[in-house]
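Peer 1: Sequence first, then the predicted structure:
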Amino acid sequence: MRLSSPKPPSQARHPQHLAEVVETSTSEFCAQCLEPPVLDFPVMPPFGCWVRSEDSETKNQIFGIVYHVSSSPIDSVHRTRALGLSLTELQEQQPQIFAMLKTEFRAVIVGFQPPKTRTYYQYLPPRPPQIHQAVYQCEPKEIIAFTEQLEFLRTLTQLTSAPVDGLIGAVLRHLYEIRHADSQWLIQAGRKLSLILKDDYDRLRAILDQCQYEEHFY
């Protein structure tokens, strides 16, 4: 059986709208990536990228950082098997494959912004985003404004379900890029990490060594 290409939504989707919350808790949320308008795999957000959702009750904008991404069959009973086909061949010969897979990511909540204010708070919001809330990839200007403060780095060091040092390195690389190689900001971030890690210089050096930016990272 051949399936037709996904139909585009009745209204154009916001270009940064990439996922929908499917699981939520006080400190993090899981989101499923939306199907693309053409026959292809969903867009997979990079490790360490910034995303934003909303608490529909308070209208708080809730900011998170992606620390885990996975793609798997929707049917958990049957595993995916290798087919030896290119993406073009899959689209032509096995289009149903794209409807049978899901891409999900987990994001740790690092802060929030109340409605009608420019103030960002780098601690847990009163409520996380609800199930089925839209998730957007953050704009550079939002990330720059949020990261004028550095307390979010403490939240990242306290994660227990992620490769923390690699995550911090990825986040700093991303920030260094969108801040146009602002070395003074990176020095401040290094000092903040030094305080958080209580002068564990070996670990700090290991993290900062990962901050060399290459164009293909993002």
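Peer 2: The structure has been received and is ready for your questions. Numbering: from 1, shown residues only.
Peer 1: Count the neighbours of residue 52 for me.
Peer 2: If you count neighbours by other Cβ atoms under 10 Å, residue 52 ends up with 22. In short, each C-beta sits where N, CA and C put it, glycine included.
Peer 1: Against residue 71, how distant is it?
Peer 2: Going from residue 52 to residue 71 by Cβ to Cβ, to the nearest Å gives 22 Å.
Peer 1: Residue 212: what's it in contact with?
Peer 2: Contact analysis of residue 212 by Cβ atoms under 8 Å, 6 or more residues apart in numbering lists residue 173.
Peer 1: Where does the prediction get shaky in this protein?
Peer 2: Flagging of the chain using pLDDT under 70 yields the residue ranges 1-11, 213-218.
Peer 1: Where do the strands of it begin and end?
Peer 2: Per DSSP state E, the chain carries strands over the ranges 17-24, 28-33, 50-54, 61-73, 101-113, 134-137.
Peer 1: So which of these is nearest residue 124?
Peer 2: Closest to residue 124 of the strands of the chain, according to Cβ to Cβ: strand 101-113, at 6.1 Å.
Peer 1: just the angle between the closest one and strand 17-24, please?
Peer 2: Going by axes from the mean of the first three to the mean of the last three Cα atoms, to 10 degrees, strand 101-113 is angled at 90 degrees with respect to strand 17-24.
Peer 1: Look up how far residue 48 lies from the most centrally placed residue in the chain.
Peer 2: Centroid-nearest residue in the chain, with Cα atoms, centre = their mean: residue 66, separated by 3.0 Å. Distance of residue 66 to residue 48, computed by Cβ to Cβ: 7 Å.
Peer 1: next one: residue 139
Peer 2: Computed as Cβ to Cβ, the residue 139 to residue 48 distance reads 16 Å.
Peer 1: Can you pick out the residue with more neighbours from those two?
Peer 2: residue 48 (22 against 13).
Peer 1: ok, now which ones touch that one?
Peer 2: Residue 48 neighbours (Cβ under 8 Å, 6+ apart): 65, 66, 67, 167, 169, 170, 171, 173, 174.
Peer 1: rerun that using 6 Å as the cut-off
Peer 2: Applying Cβ atoms under 6 Å, 6 or more residues apart in numbering, one finds that residue 48 lies in contact with 167, 170, 171, 174.
Peer 1: so which of those residues is the most crowded?
Peer 2: residue 171 (27 neighbours).
Peer 1: can you list contacts of stretch 107-118?
Peer 2: 27-29, 51, 59-67, 120-122, 125, 152, 155, 159.
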